[in-house]
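[1] Sequence and predicted structure below; questions after.
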Amino acid sequence: MNNQKIIFSGIKPSGDLHLGNYLGAISQWVELQDKYECLFCVVNYHAITVYQTPEVLKQRTKDIVKVYLASGINSKKSTIFLQSDIFEHTELTWILNCTSARMSDLNLMTQYKEKSKNKTTNVSVGLFDYPVLMASDILLYNTDIVPVGDDQVQHVELCRDLAKRFNHDYAPTFKLPEVMIRKQGARIMSLSNPENKMSKSDDGDAGCIFLNDAPEVAKKKIMKAVTDSGSEVKYDLNEKPALSNLMTIYHLLTGESYKDIKNSYKGKGYGDFKKGLADVVVKFLTEFQKKYNAISDKEVEKVLESGATCAKVLAEETLKRVKERVGII
């Protein structure tokens, strides 16, 4: 690693990736890899906090790596690896559980509270504790910056708290990472309900455009997307949340400003705009899927092997330092 600031981020293979994942995270990573030292992980241990079909999990893990590569993440510039290939993630989690994490911290985590609302569901300890694993993911690599969606900010704040406690109780050991949130596109909303985030857990949902959707399927979803009252094409999150979400997708895929998009559809209605957006999405998916389908499993294995070798060096150094601080020999 050189003197550039270090970025760490990852995606869990718990569902098919969608346009929200690409626009809110992955496309941003592509831009960051020329400015920072980047580690992009497939966090497959996070996926098993809820039951996953083993064969499906294996395939989705490979698929995410292909998405990274097809999106433009360069394995020669960035470190791409599997969380499960670096045992230090889970070992550091145990140490942080014992030294720095508190039950009171984890009880406050919004995602845990939401997922455990159903009292008939007996949630796993992993679901409760996974923010500590996420903290370990980040702290192992001396991470300076964590690009996340706004729904993950709370977890990075917890990571900072755990690092502060450990540094205070033992000795300065961990960096305190900063959050980076994309101003536009941090949260792409559902096409059928703009109050909800576009979600990969809603398989088959008309509100979600998956990166593996056939272009014609995606086009139909765009044309059926809900809009707001009125007919003027303009960006206004308060008055037109549904249309603003569609305009954000258009803006991020084309690079056109909201003002230019508005001017392009001046005097036209929502129907014309959605046709234009559908064409933009179809073009993107066609080009993306061509790159994705050209990536072999063998190439994925090679990238992951190389990435694990690089990540392992940093992880070993950090864990060795942590063990020395705690008194583990």
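    Received it, and whenever you're ready, just let me know what you need.

[2] Please make it C-alpha for all contacts and neighbour counts, starting now.
    Noted.

[3] Distance across stretch 67-77, terminal residue to terminal residue?
    16 Å (CA to CA, to the nearest Å).

[4] cool, and stretch 232-242?
    Stretch 232-242: ends 13 Å apart by CA to CA.

[5] which residues touch that stretch?
    The contact list for stretch 232-242 (CA atoms under 8 Å, 6 or more residues apart in numbering) reads 191, 193-194, 226-229, 243-244, 247, 258, 262, 265-270, 273.

[6] redo that, cut-off 7 Å
    Contact with stretch 232-242 is made by 194, 226-228, 244, 247, 258, 262, 265, 269-270, as judged by CA atoms under 7 Å, 6 or more residues apart in numbering.

[7] Give me the secondary structure label for Tyr171.
    Careful, residue 171 is Ala and not Tyr. With DSSP: H, G, I helix; E, B strand; the rest coil as the basis, Ala171 sits in coil.

[8] how far away is it from Ser199?
    Distance of Ala171 to Ser199, computed by CA to CA: 41 Å.

[9] Need the outlier residue of the protein, farthest from its centre.
    Within the chain, the residue lying farthest from the chain centre (CA atoms, centre = their mean) is Gly267, at 37.5 Å.

[10] Against Ser231, how distant is it?
    Gly267 is 9 Å from Ser231, by CA to CA.

[11] returning to that earlier point: show me the contacts of stretch 232-242 that map onto helices.
    244, 247, 258, 262, 270 (DSSP state H).

[12] What's the first helix or strand after the lowest-mean-pLDDT helix or strand in the chain?
    Using mean pLDDT, DSSP states H and E, the weakest-scoring helix or strand in the chain turns out to be helix 110-115, at a mean of 77. Where DSSP states H and E defines the elements, the next helix or strand beyond helix 110-115 is helix 125-139.

[13] who's in contact with that following helix?
    8, 46, 49, 89-90, 92-93, 106, 112, 155, 159, 174.

[14] Quick one: mean pLDDT for that helix?
    Mean pLDDT, helix 125-139: 96.

[15] Enumerate the positions of the longest helix along the chain that are buried.
    The residue-count maximum for a helix in the chain (DSSP H) belongs to helix 297-326. Of the residues in helix 297-326, 300, 303-304, 307-308, 310-312, 315-316, 318-319, 322, 325 count as buried by neighbour count, 16 or more other CA atoms under 10 Å.

[16] repeat for stretch 276-290
    276-282, 285-286, 288-289.

[17] can you list the residues that contact it?
    70, 211, 215, 219, 222, 250.

[18] ok, now which ones touch the spatially most central residue of the chain?
    The residue lying closest to the centre of the chain (CA atoms, centre = their mean) is Ile11, at 4.6 Å. Ile11 is in contact with 41-43, counting by CA under 7 Å, 6+ apart.

[19] What of Ile209?
    Counting by CA under 7 Å, 6+ apart, Ile209 makes contact with 18-19, 218.

[20] would you turn those into CSV with secondary structure, neighbour count and pLDDT?
    Formatted as CSV, the contacts of Ile209 follow (DSSP: H, G, I helix; E, B strand; the rest coil; neighbours: other CA atoms under 10 Å; pLDDT from 0 to 100):
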residue, secondary structure, neighbour count, pLDDT
His18, strand, 18, 93
Leu19, helix, 22, 94
Ala218, helix, 23, 96
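
[21] I'd like those laid out as JSON lines, including distance to Ala294.
    Listed next are those as JSON lines, based on distance: CA to CA, whole Å:
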{"residue": "His18", "distance to Ala294": "19"}
{"residue": "Leu19", "distance to Ala294": "20"}
{"residue": "Ala218", "distance to Ala294": "21"}
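
[22] ok, so of those residues, who is nearest Leu82?
    Nearest to Leu82 out of these is His18 (CA to CA; 20.1 Å).

[23] Just give the nearest non-adjacent residue to the residue farthest from the centre of the chain, would you?
    Distances taken as CA to CA, 6 or more residues apart in numbering place Glu232 nearest to Gly267, at 7.5 Å, with adjacent residues excluded.

[24] related to what we said a few turns ago, most neighbours, which of the ones in helices among the contacts of stretch 232-242?
    Met247 (24 neighbours; other CA atoms under 10 Å).

[25] Could you list the domains of this protein?
    6-181+297-326, 215-292 (automatic domain parsing).

[26] so which of these comes closest to Asp205?
    Nearest of the domains of the chain to Asp205, taken as CA to CA: domain 215-292 at 9.3 Å.

[27] now the closest one, how far from the chain's geometric center?
    22 Å (CA atoms, centre = their mean, to the nearest Å).

[28] Could you tell me the end-to-end distance of it?
    Start-to-end, domain 215-292 (CA to CA) is 14 Å.

[29] re the thing from before, report the separation between the residue farthest from the centre of the chain and Asn3.
    Distance of Gly267 to Asn3, given as CA to CA: 52 Å.

[30] and if you look at Leu191?
    Taking CA to CA, one finds Leu191 at 42 Å from Asn3.

[31] Thanks a lot, see you next time.
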